[in-house]
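Visitor: sequence first, predicted coordinates after that:
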Amino acid sequence: MEDPVVLSAEHLHKSFGEGDVLCGVSMQVRKGELVSIIGPSGCGKSTFLRCLNFLEIPDSGKITAMGVTIERKDAVWRRADEHMAHRLRTHVGMVFQSFNLFPHLTVLDNVLLAPRVVKGEGGEVERAEAMALLEKVGLARVAQRYPVSLSGGQQQRAAIARALAMRPEIMLYDEPTSALDPIVAEEVLGVMRTLDDEGMTQIIVTHDMRFAQVASDTIVYMDGGHIVESGPPEVLCVNPAHEQTRRFLRTLL
Ligand code: ADP
Ligand code: MG
């Protein structure tokens with residue numbers, strides 16, 4: 001039996017004034033799936049990812065994550081919508097290219113902050129859980145250090161641990177390794193593979209075609225605010241249906 005759909009986006013539109021950045025993007029992701037989104041710079045990948053957890057509010061369309069549905073029918077963003085978006089975000093963790101750790105907090109306190117603020121947790125149990133997460137990403141040893149003293153790869157792994165502290169069922173990553181050299185990037189991608197083995201649902205925007213090919217269940221090719229095509233790596237990379245996809249893949253060689 002196929003795994004259940006845990007995240008779906010239907011007909012998402014988004015513009016920032018002139019021209020549409022997302023022109024009706026739809027996607028379904030199943031539990032435990034690892035999806036890589038690729039495409040040329042400026043084609044709307046980040047905007048799409050940010051819309052999935054309402055960091056960016058789509059102009060129209062519908063998103064369902066872990067049973068929480070938000071549908072935009074008109075231009076008004078209501079309190080009730082913000083409430084639902086808040087609920088949805090507790091299921092969907094996000095990691096950025098630039099890590100975005102709090103510089104004035106230790107690694108451990110970075111991981112503890114979100115559960116404390118959002119869920120009102122902060123006791124010994126949470127501390128132990130946060131340490132377990134740091135152990136998982138290989139950072140238990142540096143838990144008491146500040147972000148500035150860590151390598152880029154360590155900072156990104158700390159950012160992943162921080163997102164995981166909210167116990168999301170779905171993780172989004174926007175070019176998590178683009179600021180890292182290849183060897184350090186490998187440590188970050190290793191964490192994602194571990195999470196994949198544990199059944200985490202993950203969507204990654206990436207330029208790393210090697211990782212996308214080896215680790216993804218599905219690769220999505222975006223261009224000009226559309227999903228041009230998607231499929232398993234062995235189909236999309238070897239025998240894409242569209243000339244546009246073929247041309248983009250050639251630019252990466
Ligand atoms: P990608 O991640 O694929 O490089 P983005 O989603 O970041 O693409 O951007 C798509 C387009 O939307 C670009 O033309 C970008 O300039 C524009 N854009 C993104 N965010 C904003 C914003 N907050 N305000 C105005 N334009 C934006
Ligand atoms: Mg981007």
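Guide: The structure has been received and is ready for your questions. Ligands and ions are numbered 1, 2, ... in the order given.
Visitor: next structured bit after the lowest-mean-pLDDT helix or strand in the chain?
Guide: The least trusted helix or strand in the chain, going by mean pLDDT, DSSP states H and E, turns out to be helix 107-119, with a mean of 84. Once the chain leaves helix 107-119, the next helix or strand it forms, by DSSP states H and E, is helix 124-136.
Visitor: which strands or helices does that next one pack on?
Guide: helix 107-119, helix 152-164 (3 or more CB pairs under 8 Å, 6 or more residues apart in numbering; DSSP states H and E). Backbone N, C-alpha and C define where each C-beta goes, glycine included.
Visitor: ranking those helices by burial, who's on top?
Guide: When you average the neighbours per residue for each of the helices and strands packed on helix 124-136 (mean count of other CB atoms under 10 Å), helix 152-164 leads with a mean of 25.
Visitor: next helix or strand past it?
Guide: Following helix 152-164 in sequence order, the next helix or strand is strand 170-174 (DSSP H and E).
Visitor: list the neighbouring strands of that following strand plus their orientation.
Guide: Note on strand 170-174: by DSSP bridges, its sheet partners are strand 92-95 (parallel), strand 201-205 (parallel).
Visitor: any residue of the shortest one touching ligand 2?
Guide: What it means is strand 92-95. No - on the criterion CB under 5 Å from the ion, strand 92-95 is out of touch with ligand 2, staying 12.8 Å away.
Visitor: with the last one instead?
Guide: No - shown here: strand 201-205 not in contact with ligand 2 (CB under 5 Å from the ion), separated by at least 6.1 Å.
Visitor: how close does E18 get to ligand 1?
Guide: 9 Å (CB to the nearest ligand atom, to the nearest Å).
Visitor: isn't T245 right next to E229, touching?
Guide: Yes - between T245 and E229 there is a contact under CB atoms under 8 Å: 5.8 Å.
Visitor: now do the shared contacts for those two.
Guide: The contact sets of T245 and E229 overlap at 221, 236 (CB atoms under 8 Å, 6 or more residues apart in numbering).
Visitor: so between those two, which is more surrounded?
Guide: T245 (22 against 17; other CB atoms under 10 Å).
Visitor: what residues are up against the more buried one?
Guide: With contact taken as CB under 8 Å, 6+ apart, T245 is in contact with 221, 228-229, 236.
Visitor: shouldn't T64 be in contact with M27?
Guide: No - counting by CB under 8 Å, M27 is not a contact partner of T64; they are 11.3 Å apart.
Visitor: what touches both of these two?
Guide: Counting by CB under 8 Å, 6+ apart, the residues touching both T64 and M27 are 7-8.
Visitor: neighbour count for the two, which is higher?
Guide: Using other CB under 10 Å as the criterion, T64 and M27 rank with M27 on top: 20 against 17.
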